[in-house]
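Participant: Next comes the sequence, and after it the predicted model I'd like to discuss.
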Amino acid sequence: MTPQHRTNNPQWSDDDGGRSYLRGLPVLTGNGPGFDINAVPADPVSLFITWLKDAVNAEVPEPHAMTLSTVDAQGSPRARVLILKAVDAQGWHFAVNSVSQKGHDLSANPSAALTFYWPALVRQVRICGIVVNDGAEASAQDFLARPLGSRAMALTLRQSQPLTDSAELGTEIEKAHRKLSDNPNFVPDEWISYGVQPHQVEFWEGTSDRRHLRLSYQRNGERWDRGRLWP
């Protein structure tokens, strides 16, 4: 694949909102390894794991990072980047604090979309489905496996709330560290591991001529229907 390189060195202009500058930036500069749509596995999990390993082998930074998109009770969408914790027959798993904005969104509307993007391979994977609670045991295992600093921050239960005093942040983190020192196996009830049980999974590999390869898996009862999509 011949990547599209920048042909000039435009300067940012407020007159067009930076349109010319942005259009001059290179796109699709990775090296798509290609895949045979007619020889893919029957389920999307197997293909996803293969693609994830391809990204790891290609040394893509943080290949397990994904964008989680949710919708709140008022219908407003939000997106943020999280880390994939596991993927299996039950879905794609991640963990969040239930009192965070993410947690509130999932409580109001238990459905989500996940997006993985590996630019070095010009690949994306998009997953849409319902979100289910993995249960107390999985949630505890996830929390206890996190680094100490991450657990301490989670114990503040203040994510996304307004912060007006940096000293207060330090005080709350110190309190959390003391709590974990006194009880290293403490797990807050608010920490929940979730799984996205997909009804659709799409695999996308880009090409410079825009004849992108797109493969969609659609849930059909206990099986998956597969089909190629127009670019």
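Facilitator: Sure thing, it's come through. Numbering: from 1, shown residues only.
Participant: Output the single longest helix found in the chain as CSV, restricted to C-alpha atoms.
Facilitator: Assignment by DSSP state H gives helix 166-182 as the longest helix of the chain. Presented in CSV, the C-alpha positions along helix 166-182 are these (Å, rounded to 0.1, in the frame of the first residue of the first chain):
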residue,chain,number,x,y,z
SER,A,166,-5.4,20.5,44.7
ALA,A,167,-4.6,20.0,48.3
GLU,A,168,-7.9,18.2,48.8
LEU,A,169,-6.9,15.7,46.1
GLY,A,170,-3.7,14.9,47.9
THR,A,171,-5.5,14.5,51.2
GLU,A,172,-8.1,12.1,49.7
ILE,A,173,-5.4,10.0,48.0
GLU,A,174,-3.4,9.8,51.3
LYS,A,175,-6.5,8.6,53.1
ALA,A,176,-7.1,6.0,50.4
HIS,A,177,-3.5,4.8,50.7
ARG,A,178,-3.9,4.4,54.5
LYS,A,179,-7.1,2.5,54.0
LEU,A,180,-5.4,0.1,51.6
SER,A,181,-2.4,-0.3,54.0
ASP,A,182,-4.7,-1.3,56.8
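Participant: So which elements touch it?
Facilitator: For helix 166-182, the packing partners by 3 or more Cβ pairs under 8 Å, 6 or more residues apart in numbering; DSSP states H and E come out as helix 148-155. Glycine gets a C-beta too; all of them are placed from N, C-alpha and C.
Participant: Who is the residue most central in space within the chain paired with across the strands?
Facilitator: Residue closest to the average C-alpha location in the chain (Cα atoms, centre = their mean): M66, at 1.9 Å. Beta-bridge partners recorded for M66 (DSSP bridges): L82.
Participant: strands paired with the helix or strand that the longest helix of the chain is followed by, and their directions?
Facilitator: Proceeding N to C from helix 166-182, the next assigned helix or strand is strand 191-205, under DSSP states H and E. Sheet pairing of strand 191-205 (DSSP bridges) gives strand 91-97 (antiparallel), strand 123-133 (antiparallel), strand 213-220 (antiparallel).
Participant: Which one of the ones you listed lies nearest to P184?
Facilitator: Closest of the strands paired with strand 191-205 to P184 is strand 91-97, at 18.4 Å (criterion: Cβ to Cβ).
Participant: Compare the strands paired with strand 191-205 and give me the one nearest F186.
Facilitator: For the strands paired with strand 191-205, distance to F186 was read as Cβ to Cβ. The smallest value, 14.4 Å, belongs to strand 91-97.
Participant: Contacts for that closest one next, please.
Facilitator: 66, 68, 82-87, 102-103, 106, 114, 127, 129, 132, 134, 138-139, 142-143, 154, 157, 159, 188, 190-198 (Cβ atoms under 8 Å, 6 or more residues apart in numbering).
Participant: pLDDT at the nearest residue to W92 once chain neighbours are set aside, what is it?
Facilitator: Once flanking residues are discounted, W92 sits nearest to V196: 4.7 Å by Cβ to Cβ, 6 or more residues apart in numbering. V196 is assigned 98 on the pLDDT scale.
Participant: For V196, which residues are in contact?
Facilitator: 91-94, 112, 114, 127, 129-131 are the contacts of V196 under Cβ under 8 Å, 6+ apart.
Participant: What is the nearest of the residues you listed to L25?
Facilitator: L114 (25.9 Å).
Participant: Now the phi/psi pair for the closest one, please.
Facilitator: Per-residue torsions, L114: phi -120, psi 140 (degrees, to the nearest 10).
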